[in-house]
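# all I have is the shape, not the residue letters:
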């Protein structure tokens with residue numbers, strides 16, 4: 001089933017290479033992604049090959065989550081997959097593209113079938129706040 005989606009963006013006055021490198025490091029996510037504010041730790045039982053990305057555990061307001069990050073790359077792809085406690089996996093596409101001397105960060109948020117319109121709107125607001133924090137953290 002095709003889900004509706006909203007792409008949320010923010011401009012950051014830093015070059016693509018700097019923003020992409022920052023987002024390629026999972027340890028940086030708690031500094032701007034408020035749902036991960038309690039931090040991340042590497043998953044000891046990760047079965048992924050290093051080139052397939054890395055798995056981390058996060059204590060969040062939604063419980064203990066497993067997060068798999070795409071491997072570091074120079075292309076600005078910082079996708080991640082969040083496994084909920086009930087086993088569902090939420091895919092979060094995150095991209096950085098060059099925009100003049102700076103960058104545009106774009107996060108795609110899917111409207112999951114289990115979400116009502118108000119919950120989806122609240123998630124969009126949460127992501128907007130996190131993207132603003134990302135810009136502040138990067139100083140752009």
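Nice, thanks for sending it over. Here the structure is a predicted model, which is why all the values come from computation and not from measurement.
# pull out the buried positions in the helix or strand hosting residue 67.
Applying DSSP states H and E as the criterion places residue 67 in strand 63-69. When neighbours are counted by 16 or more other Cβ atoms under 10 Å, the buried residues of strand 63-69 are found to be 65-69. Just so you know, the C-beta spots here come from the backbone N, C-alpha and C atoms, and that holds for glycine as well.
# any idea of the mean pLDDT in the biggest helix by length in the chain?
Assignment by DSSP state H gives helix 117-138 as the longest helix of the chain. When pLDDT is averaged along helix 117-138, the result is 96.
# buried ones in that helix?
Under 16+ other Cβ under 10 Å, the buried positions of helix 117-138 are 120, 123, 127, 130-131, 134-135, 138.
# for residue 57, state which of these is nearest.
Nearest to residue 57 out of these is residue 130 (Cβ to Cβ; 19.6 Å).
# wait, what's in contact with the closest one?
Each residue near residue 130 by Cβ atoms under 8 Å, 6 or more residues apart in numbering is listed here: 32-35.
# ok, 6 Å please
32-34 (Cβ atoms under 6 Å, 6 or more residues apart in numbering).
# quick check: buried residues in stretch 7-24?
Those would be 8, 10, 12, 14-16, 18-24, for stretch 7-24 by 16+ other Cβ under 10 Å.
# average pLDDT for it?
On average, stretch 7-24 scores 96.
# repeat that for stretch 74-94.
Rounded mean pLDDT across stretch 74-94 is 92.
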